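**Student:** A predicted structure for the sequence below; I have some questions about it.
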Amino acid sequence: MNVQNTTESSQDVVDILTLDHRDMEDLLDQIQRSPDAEQRRDLTDTLIAEVMRHAVAEEMYVYPVMEKRIPGGEEEAEHDREEHDEIVQVMKQLEEADAAEPAFMDRVHKLDELLRHHAKDEEADQFPKLRQRISGEDLVELGRKVEKAKQLAPTRPHPSAPHSELFHKTVGPGVGMVDRLRDQLSGRMTG
C-alpha cells in the first residue's frame, strides 16, 4: 500500500485524472459487453463509486484552482459542476435500477455519453490549461490532494448534495464514511 501511495503521489493531477477517465471508460465497456445482469450490477456499482470519488476530488481541489488560475476558469468550473449534476442524476437512476431490465442499459448508455463528453472536454481544453498555468511541482501537490480526497469521498450518488468545495471538505468525509459502511454491510462492490 505504501509503495502504491508513493507512486501515485509522484504523478501530477492531470495524469491522475486522465487515468481515472480511462478506468471509467474501461468499466463502461465491460458493463456494456457483459451478458450477466449480476456482473453488470457489480461493475456499475464499482463505476459509480469511482465516478463519485473522482468528481468530489475535482470539486474539492481542481475546480478552485481552475477558478483562480485559468482565465475563464470560473465559468468552466461551473459548467463542469452542472455536468456532474447530470451525471449524478443518471447514476442515482442506475443505482435504483434492475440490471436485468432493458432500461438499465439505456441508462448505462446515457452515462457513457455524459462521462465521455466530460472527459473529452477536460482532456482537450482544461488539462492543457492547467499544465500551462501551473508549475509541475504544484500539479504534483494537487495530485496528492486529489488522491487523498478520493480515499475519503462518498461512493454513492447524492443528488441533493451541493457541489461545493466547502461541503466536500466539511460534510463529505462523513457522507463518504457512511457510504463505505453501507457498501460493506450490503456487500456492494466498490473497487
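**Tutor:** That came through, no problem. Residues are numbered from 1 along each chain as shown.
**Student:** buried set for the helix ranked longest in the chain?
**Tutor:** The helix that spans the most residues within the chain, counting by DSSP state H, is helix 73-96. Under the neighbour-count criterion of 16 or more other C-beta atoms under 10 Å, helix 73-96 has 73, 76-77, 80-81, 83-84, 87-88, 90-94 buried. The way it works is simple: take the backbone N, C-alpha and C, and place the C-beta from them, glycine included.
**Student:** helix or strand right after it?
**Tutor:** helix 102-121 (DSSP states H and E).
**Student:** now the angle from that next one to helix 73-96?
**Tutor:** For helix 102-121 against helix 73-96, the angle by axes from the mean of the first three to the mean of the last three C-alpha atoms, to 10 degrees is 160 degrees.
**Student:** Give me the contact list for helix 102-121.
**Tutor:** For helix 102-121, contacts defined as C-beta atoms under 8 Å, 6 or more residues apart in numbering pick out 21, 24-25, 28, 31-32, 37, 40, 44, 47, 51, 80, 83-84, 86-87, 90-91, 93-94, 97-98.
**Student:** The longest helix of the chain packs against which elements?
**Tutor:** Under the contact definition 3 or more C-beta pairs under 8 Å, 6 or more residues apart in numbering; DSSP states H and E, helix 73-96 sits against helix 37-57, helix 63-69, helix 102-121.
**Student:** angle of it against helix 37-57?
**Tutor:** Interaxial angle, helix 73-96 versus helix 37-57 (the same axes, to 10 degrees): 160 degrees.
**Student:** any low-confidence regions in the protein?
**Tutor:** Counting by pLDDT under 70, the chain has low-confidence residues at 1-9, 156-191.
**Student:** List the buried residues of stretch 129-139.
**Tutor:** For stretch 129-139, a neighbour-count test (16+ other C-beta under 10 Å) marks Lys129, Leu130, Arg133, Ile134, Leu139 as buried.
**Student:** can you redo those as a markdown table with distance to Pro102 and secondary structure?
**Tutor:** Shown next, in a markdown table, are the buried residues of stretch 129-139 (distance: C-beta to C-beta, whole Å; DSSP: H, G, I helix; E, B strand; the rest coil):
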| residue | distance to Pro102 | secondary structure |
| --- | --- | --- |
| Lys129 | 41 | helix |
| Leu130 | 40 | helix |
| Arg133 | 46 | helix |
| Ile134 | 45 | coil |
| Leu139 | 43 | helix |
